[in-house]
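*Asks:* Build the 3D model from these lines:
(chains A and B)
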Amino acid sequence: AQRVTQPEKLLSVFKGAPVELKCNYSYSGSPELFWYVQYSRQRLQLLLRHISRESIKGFTADLNKGETSFHLKKPFAQEEDSAMYYCALNMNTGFQKLVFGTGTRLLVSP
Amino acid sequence: DAGVTQSPTHLIKTRGQQVTLRCSPKSGHDTVSWYQQALGQGPQFIFQYYEEEERQRGNFPDRFSGHQFPNYSSELNVNALLLGDSALYLCASSGGGLVNTGELFFGEGSRLTVL
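*Replies:* Here you go, the predicted structure:
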């Protein structure tokens, strides 16, 4: 069955430290993967998608099909990065039917 | 553009009752998806509506039903409420054709508490 695993519920780092939020997926087809973010008192919103291969707010994520991973990385964390991060897998590229992980709360301390 | 709007924001029901949640998609979007987010969990796909028809459904019982109107707005109905239905219900919209970037736009959700 399709599944997205985010092993860490909470990741706490100091400002300026590197960040890596882990995401592993289980899917037999060709995956389409996303990172969504929810800042305090805001709605869930797209951060980045693997097909774009872009850097958003300093974050990057590389799809590793061999390890079935899509880890989110940032070299220098900022306090404003504190938020809930969800990794999501699209099971049907025609219909945007997402399977979400349980989320990782990133807390960046000054 | 107000983005995706949902109503009501909070509601309390008792077991066995029925509830209707409403969603207006982002301007220009024609597809509405509903997700259930239990406490401490990620959103879970319920179903998706396009052209007033349900075209994808997640692993939810028939107590969960929906509707899409000609103006693309949507309703989620849950019958015979159970305690386990307590959750945040999220509506997400996306566009077809040229506006389809593959991104889902989420509303702020309707928090349902079943007592």
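*Asks:* Cross-check the contact I'm expecting between B:Leu11 and B:Leu115.
*Replies:* No. Judged on CB atoms under 8 Å, B:Leu11 makes no contact with B:Leu115 at a distance of 11.2 Å. C-beta here means a position set from N, CA and C on the backbone, and glycine is covered the same way.
*Asks:* For these two, indicate the residue with more neighbours.
*Replies:* B:Leu11 (15 against 10; other CB atoms under 10 Å in any protein chain shown).
*Asks:* Please identify which residue in chain A comes closest to chain B.
*Replies:* A:Phe100 (3.2 Å; CB to the nearest CB).
*Asks:* show me what contacts that residue?
*Replies:* The neighbours of A:Phe100, taking CB atoms under 8 Å, 6 or more residues apart in numbering or on different chains as the test, are A:Val4, A:Tyr36, A:Tyr86, A:Cys87, A:Ala88, B:Tyr35, B:Gly42, B:Pro43, B:Gln44.
*Asks:* Strands along the chain, start to end?
*Replies:* I went with chain A, as the question did not name one. Using DSSP state E, the strands of chain A run over A:3-5, A:10-14, A:19-21, A:24-26, A:32-38, A:45-49, A:60-61, A:72-74, A:83-90, A:98-100, A:104-109.
*Asks:* if you could check chain B rather than the one you did, that'd help
*Replies:* So, for chain B - with DSSP E - the strands run B:5-7, B:10-13, B:19-24, B:31-37, B:44-50, B:53-57, B:64-68, B:74-78, B:87-94, B:105-106, B:110-114.
*Asks:* Out of those, flag the one nearest A:Phe76.
*Replies:* Evaluated over the strands of chain B, closeness to A:Phe76 peaks at strand B:105-106, with 28.2 Å, by CB to CB.
*Asks:* Output the contacting helices and strands for that closest one.
*Replies:* strand B:87-94 (3 or more CB pairs under 8 Å, 6 or more residues apart in numbering or on different chains; DSSP states H and E).
*Asks:* Can you list the strands that the strand it packs on pairs with?
*Replies:* strand B:31-37 (antiparallel), strand B:105-106 (antiparallel), strand B:110-114 (antiparallel) (DSSP bridges).
*Asks:* Give me the most central residue, chain B.
*Replies:* Among the residues of chain B, the one closest to the centroid is B:Trp34, at 3.1 Å (CA atoms, centre = their mean).
*Asks:* Which strand residues bridge that residue?
*Replies:* On the basis of DSSP bridges, B:Trp34 is bridged to B:Phe47, B:Cys91.
*Asks:* What's the separation between A:Trp35 and B:Ser7?
*Replies:* 29 Å (CB to CB, to the nearest Å).
*Asks:* Of those two, which one has the most company?
*Replies:* Neighbours per residue (other CB under 10 Å) separate A:Trp35 from B:Ser7, with A:Trp35 holding more: 23 against 13.
*Asks:* Lovely, talk soon.
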